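# okay, sequence plus prediction incoming.
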There are 2 protein chains.
Amino acid sequence: MSSDDLAPEDAVTETTDADRFTNARAIRSTALFEDYTELIADLTEEFGEARITDIARRLGVTHPTANKAVLRLKREGLAISRPYRGVFLTEAGVAMAKAVKARHRLVVRLLIAVGVPPEAAEMDAEGIEHYVSETTLKAFEAYLDGRD
Amino acid sequence: MSSDDLAPEDAVTETTDADRFTNARAIRSTALFEDYTELIADLTEEFGEARITDIARRLGVTHPTANKAVLRLKREGLAISRPYRGVFLTEAGVAMAKAVKARHRLVVRLLIAVGVPPEAAEMDAEGIEHYVSETTLKAFEAYLDGRD
DNA sequence: ACGGAAATGTAGCCGATGCTATATTTCAAA
DNA sequence: TTTGAAATATAGCATCGGCTACATTTCCGT
């Protein structure tokens, strides 16, 4: 369906179902990178480096899975590593990790603010956070600010 | 980190990072079924049947992709169809569609209630909804009720 | 200094989810 | 009634993200 086919009254700014689903698919493909960069940042802060075994254990996957994911991270310019050594984030990786962590905290805070039990908020935020747009993030901030 | 290694004060009910990530992965694997059942329900209501071409167009994918997904839906007992005919939901499929639709509406309502612009709320809800647990859903309901 | 355990890497399998290209079937219009 | 366009099905390819099994490297304890 091209926009030509739309009825006149909603022709220009209409967001189609397909747009939304396509957006959700695009996000799904970056969600894993976000999880990895955030985790690598955490481990680096805690231990001075992120080791494959620790990454795998925290994510609940096997090391080969973590290893493959790190290869993809490196290919995308988000991390660097030498064989048999720890993994480190590039500047781009650090930037992603920081943004992801800030967003994660904000999502948890908002969930708790509307009455979600903290345990459930943490659990659900792990999936939700990836889909929260900048616009929605701003709205969350405004809501939490106006609430103090 | 096994639970044996935990400090005494948070030993028993601790939810680990791995638990949360494993939960998120499990949800990711059912999200597609949820999208399809909801969409098939919509199309069936609109047109009396859900045709592969319409499913594909609404989701923004090619028909072979939609066809394969429908095969998986059928394998999971969520839908039925005969060759070159429309797709219909089973009772299980209808139940899933109803739950998904109710949850979707609730998520959109909550986002709007905390100040997210409707357009962004619709967009983000498409991904968020899948990760909203029953507990969180109940909290959203309570929040929206206590707000009228 | 070396030997074994732990960590890391690699190979190969599988299913999911996308695609393009090519049949095949349906259905409506001439 | 036939035939051509639209819809549907199928084949085959790629990537991702899991896994197990096995190879290699590191590093600690004796």
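The structure has been received and is ready for your questions.

# after the longest helix seen in chain A, next one along is what?
As assigned by DSSP state H, the longest helix anywhere in chain A is helix A:17-47. Using DSSP states H and E, the helix or strand that follows helix A:17-47 in sequence is helix A:52-59.

# so what touches that following helix?
Contacting residues not belonging to helix A:52-59 are listed as A:35-36, A:39-40, A:43, A:47, A:62-63, A:65-67, A:70, A:87, B:1, B:16-18, B:21 [Cβ atoms under 8 Å, 6 or more residues apart in numbering or on different chains]. For glycine as for every other residue, the C-beta is placed from the backbone atoms N, C-alpha and C.

# got a ChimeraX select line for the buried ones in these?
Here is the ChimeraX command that selects the buried residues among the contacts of helix A:52-59 (16 or more other Cβ atoms under 10 Å in any protein chain shown):
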select /A:35,36,39,40,43,66,70,87 /B:17,21
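
# of the contacts of helix A:52-59, list those near DNA strand D.
When contact is defined as Cβ under 7 Å from any atom of the strand, those meet DNA strand D at A:62, A:65.

# DNA strand C contacts on chain A?
A:25, A:51-54, A:63-64, A:67-68, A:70, A:81, A:83-86.

# switch the cut-off to 6 Å
Contact residues, chain A versus DNA strand C (Cβ under 6 Å from any atom of the strand): A:25, A:51-53, A:63-64, A:67, A:81, A:83-84.

# turn the residues you listed into JSON lines, columns for distance to A:Asp124.
Putting the residues of chain A next to DNA strand C into JSON lines (distance: Cβ to Cβ, whole Å) gives the following:
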{"residue": "A:Arg25", "distance to A:Asp124": "21"}
{"residue": "A:Arg51", "distance to A:Asp124": "29"}
{"residue": "A:Ile52", "distance to A:Asp124": "28"}
{"residue": "A:Thr53", "distance to A:Asp124": "28"}
{"residue": "A:His63", "distance to A:Asp124": "28"}
{"residue": "A:Pro64", "distance to A:Asp124": "29"}
{"residue": "A:Asn67", "distance to A:Asp124": "29"}
{"residue": "A:Ser81", "distance to A:Asp124": "32"}
{"residue": "A:Pro83", "distance to A:Asp124": "38"}
{"residue": "A:Tyr84", "distance to A:Asp124": "37"}
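
# these into JSON lines, with extra columns for pLDDT?
As requested, these are arranged in JSON lines below (pLDDT from 0 to 100):
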{"residue": "A:Arg25", "pLDDT": "97"}
{"residue": "A:Arg51", "pLDDT": "98"}
{"residue": "A:Ile52", "pLDDT": "98"}
{"residue": "A:Thr53", "pLDDT": "98"}
{"residue": "A:His63", "pLDDT": "98"}
{"residue": "A:Pro64", "pLDDT": "98"}
{"residue": "A:Asn67", "pLDDT": "98"}
{"residue": "A:Ser81", "pLDDT": "97"}
{"residue": "A:Pro83", "pLDDT": "96"}
{"residue": "A:Tyr84", "pLDDT": "97"}
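
# what subset of those is buried?
Of the residues of chain A next to DNA strand C, these count as buried by 16+ other Cβ under 10 Å: A:25, A:51-52, A:81.

# and the longest helix of chain A, what does it pack against?
helix A:52-59, helix A:63-75, strand A:79-81, strand A:87-89, helix A:91-113, helix B:17-47, helix B:52-59, helix B:118-128 (3 or more Cβ pairs under 8 Å, 6 or more residues apart in numbering or on different chains; DSSP states H and E).

# and the angle for it with helix A:63-75?
100 degrees (axes from the mean of the first three to the mean of the last three Cα atoms, to 10 degrees).

# any idea how far helix A:17-47 is from the chain center?
3 Å (Cα atoms, centre = their mean, to the nearest Å).
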